[in-house]
Each structure stands twice: as structure tokens, then as C-alpha cells.
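# sequence? don't have it. structure:
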Ligand SMILES: Cc1cc2nc3c(=O)[nH]c(=O)nc-3n(C[C@H](O)[C@H](O)[C@H](O)COP(=O)(O)OP(=O)(O)OC[C@H]3O[C@@H](n4cnc5c(N)ncnc54)[C@H](O)[C@@H]3O)c2cc1C
């Protein structure tokens, strides 16, 4: 195991918190630095669905997401599940025959990959799982029992709290604005917006949607896509559904005892048409009341348009960048699902120098500087 003076984790969302927690528990000296407050970036404005059923585009990506689900279960054992881990499964159905056929075909592929999926009718779902839903009695509904949702901000708080208790430092409200290097190009310092300069051997770029700016501080080009999404929280007297749901035109999940989160790719598509976020929130709320009539008295509480942190080819960028010794990236969409596994793999790579095969397709070197 290598010994370092100090490792700076730049950005404390789910990715930075997971990497830092894993480093810290192996005795590394970690300083977490966040321009805002930890856990309040995209991690707090995510649909936060832990899954691999939506990741069939490439087998290695699917496998990484399956490992991400397992890493969440292990983490829940290690730090306790309270207030962040909700392994209640996921339901999906369609109102269009072509979309329905596509969902069923994907379910067949997933079953062939040993991923647990059950097909129920709408009537069975209402009787056994979610009585508050409106859906036709004969519609096929896919149930993925091993999927979950996560309260991202609470998870980050738990990980950072434990790391700090074992000696890590947390600097909030302070941005990294420069990264200094030695003559051989290796990492030497980080300069902070409060005027401090810290000596460090390693930096982890976990700056989410700002990761490409942080990469620029070591003259690295990390191309990223722009793909904003709108997320709305509604307040309700009590939460009438228990699982992550993909209803036609709406994604909806619980977010605690008196709150739910709403999202829709169709509504995301309106962001660039100039619609106000408040109007997008009203569209989401209207769909929610249609799918779950008991939400009739709920009210919109908060809405945010958030940028997904997506490297240009859609896949994570995780690991060392050999041209800048001491610089590592942890940048990914689906970061809620992948945070714990990326945290474990990247911390191990930093501390031992060993590169895990599971990250072979997701290495930063595929984007040449
Ligand atoms: C609409 C939407 C829906 C999503 N749904 C899902 C889903 O269902 N399942 C899933 O797995 N994923 C989902 N995601 C993706 C997931 O939310 C993200 O991949 C994940 O939250 C990224 O975490 P992060 O730690 O990289 O980023 P963040 O949580 O944004 O953390 C990055 C931190 O870096 C800090 N920072 C930035 N620049 C600097 C700097 N120069 N110095 C210091 N700090 C800095 C910021 O303040 C921020 O706190 C969704 C995303 C969106 C937008």
C-alpha cells in the first residue's frame, strides 16, 4: 500500500464522498474540498434510481452497474442503511404497444443475463404491490425486485461524517481554482478560492458537471455532453407509493415520509425550448396526479434544472491519467448507482497502483489530452 502526504478530493457529491470514504478507511490522509456544500450538487437533484436494467447498451457497462448495486448493499451493511438506502424494487409499464414490446424484449435480455425481473399484470400490481396506482388491469408491468433508490444527500453526509471522524478534513464553500505541478508534471498543490494553497500528492477530480473545468487546471481536455434534466420535489401528507416507478411519461419515487421526486425525459426535452422551470414542474405534477390520484392535494415544493455529468461518449471516466502523475478522475452519469463501486475501485487503484479490469472500458486515456 502506497503512503501519501495528502489526497485532495475535489467535489463532494456521491462520487467524491465514496472515493474519500474508501481512501480514509484505509488510512489515507484526505481533504474533501467543495465549492458549495457536500451532497448538494447533482447528487441532491437526481432521480436517484439504483439499477442496471437501463444500462444494456454495452455488457461491460451493465456489469459495472450490477457491481454498483452490489456495492450499495455492502455499503448498507458497513455503514447502516438508515435514511439513505431504500431497496424496494422498481416497476415499469407503458401505454404504447411499441414501447411495451421494447420493454419486454429488454426484460428477456436481462433475464438471460441472470438479472432478476418478474412480469405482472396491472391488476396484480395494484392488489399486491402498489394499490394507489392507476393503470389498466391487463397491462404487463415489469418488476425489478433488486433495484432501489437512494437519498443521495444523506448518503454523502454519512460517508463524509465517518471519514471526518477518522481524520479526514472537509472544506466547504471553497473552490479549487488552480492545481500546481512539479517540473516532471506530477501534482504538487491545490490553490483554493479562500487564498490557501495546500500541498498534496494526489488530486481526485470528482467535480460532477464542472469536471471538465477542473481537468482544464492540469491542461487536460475532458469532453463532456450537455444534457440537463428537471427534477421536482412535491410535498404530500403521506407518500402513497413505496417504489421507484417508471409510468408512461413520468418517473416518480418516494423521497422520505412526506415528499416525492418527479422526473421525465419528455419534460427534460422541453428545457431548451425556453419553458420556465415552474411550468415544467407543473407538467410533472399534473402527470403525477394522473398516475397517483391520491396526490391530488400534494404541492410543488422545489424544482431544479441540473446538468448530468456525462463524458462525451456517455460512459464514466474513472482512473489515473498517466500524463499527469497523481491526477485521477471520477466522473460519471448514473453516479448514484455507480458511486460506491467507483469509490472502492478508484481508492484501491490510488493506494495500490493496480488497475481493475472492470474499469477497462471506462479509462480516462480514451480521451487524449
Ligand atoms: C435529472 C437527473 C436524473 C438522474 N437520475 C439518475 C438515476 O436515476 N440514477 C443514477 O444512478 N444517476 C442519476 N443521475 C446522475 C447522478 O445524479 C450523477 O451521476 C451523480 O449525482 C453525480 O455525482 P457527482 O458526485 O459526480 O456530482 P455532484 O453531486 O454534482 O458533486 C460534485 C461537487 O463538485 C463541486 N465542485 C464543482 N467544481 C468544484 C471546484 N472547482 N472546486 C471544488 N468543488 C467543486 C460541486 O459543488 C459539487 O458539490 C441523474 C442526474 C440528473 C441530472
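That came through fine. None of the values given here were measured: they were computed from a predicted structure.
# Would you mind giving the domain segments of this structure?
Per automatic domain parsing, the structural domains of the chain span 7-46+152-225+311-366, 90-145, 228-307.
# Highest mean neighbour count out of the ones you listed?
Among the domains of the chain, domain 7-46+152-225+311-366 has the highest mean neighbour count (mean count of other CB atoms under 10 Å), at a mean of 21. From N, CA and C alone the C-beta is placed, and that goes for glycine too.
# what separates it from the chain centre, distance-wise?
14 Å (CA atoms, centre = their mean, to the nearest Å).
# so does it get close to the ligand?
Yes. Counting by CB under 6 Å from any ligand atom, contacts between domain 7-46+152-225+311-366 and the ligand involve 10-16, 33-36, 41-43, 45-46, 175-176, 206-210, 214, 332-337.
# Mind listing the residues bridging to residue 232?
Legend: beta-bridge partners of residue 232 under DSSP bridges are residue 262, residue 303.
# Could you tell me how far the closest residue in space to residue 140 that isn't next to it in sequence is located from residue 132?
Setting aside the residues directly before and after it, residue 140 is nearest to residue 119 in space (CB to CB, 6 or more residues apart in numbering), at 5.4 Å. Noted for residue 119: a distance of 21 Å to residue 132, by CB to CB, to the nearest Å.
# again with residue 362
Computed as CB to CB, the residue 362 to residue 132 distance reads 39 Å.
# This structure: helices as residue ranges?
Ranges of helices within the chain are 14-25, 59-79, 97-112, 122-124, 152-165, 211-216, 265-268, 277-291, 335-352, based on DSSP state H.
# For residue 355, give me the backbone phi and psi.
Dihedral angles of residue 355 (phi, psi; degrees, to the nearest 10) stand at phi -100, psi 120.
# ok, now which ones touch it?
Listed by CB atoms under 8 Å, 6 or more residues apart in numbering, the contact partners of residue 355 are 319-320, 349, 363.
# 10 Å instead, please
Applying CB atoms under 10 Å, 6 or more residues apart in numbering to residue 355 gives the contacts 319-320, 345, 348-349, 363.
# Also residue 12?
Counting by CB under 10 Å, 6+ apart, residue 12 touches 19-20, 32-41, 43, 156-157, 159-160, 163, 170-172, 206-208.
# Could you report the pLDDT at the nearest residue to it once chain neighbours are set aside?
Spatial nearest neighbour of residue 12, excluding adjacent residues (CB to CB, 6+ apart): residue 38 at 3.7 Å. pLDDT, residue 38: 98.
# Do I have it right that residue 38 meets residue 21?
No. With contacts counted by CB atoms under 10 Å, residue 38 stays clear of residue 21, the gap being 11.6 Å.
# what do these two both touch?
32, 156, 159-161.
# of the residues you listed, closest to residue 273?
Closest approach between the shared contacts of residue 38 and residue 21 and residue 273, by CB to CB: residue 156, at 32.7 Å.
# Could you pull up the residues touching the closest one?
Counting by CB under 10 Å, 6+ apart, residue 156 makes contact with 12-18, 20-21, 32, 34, 37-41, 43-44, 84, 339.
# Distance of the nearest residue to it once chain neighbours are set aside relative to residue 121?
Spatial nearest neighbour of residue 156, excluding adjacent residues (CB to CB, 6+ apart): residue 39 at 3.3 Å. Using CB to CB, we find residue 39 at a distance of 39 Å from residue 121.
# Now do the same for residue 113: its pLDDT.
98.
# and stretch 201-216, how far apart are its ends?
One end of stretch 201-216 sits 18 Å from the other (CA to CA, to the nearest Å).
# same question but for stretch 217-235, I mixed them up
For stretch 217-235, the first-to-last residue distance is 41 Å (CA to CA).
# for residue 250, what are its contacts?
With contact set as CB under 10 Å, 6+ apart, residue 250 has these partners: 262-267, 283-288, 290-292.
# Can you list which of the residues of domain 7-46+152-225+311-366 next to the ligand are found in strands?
10, 33-34, 176 (DSSP state E).
# What average pLDDT does stretch 205-217 get?
pLDDT averaged over stretch 205-217 gives 98.
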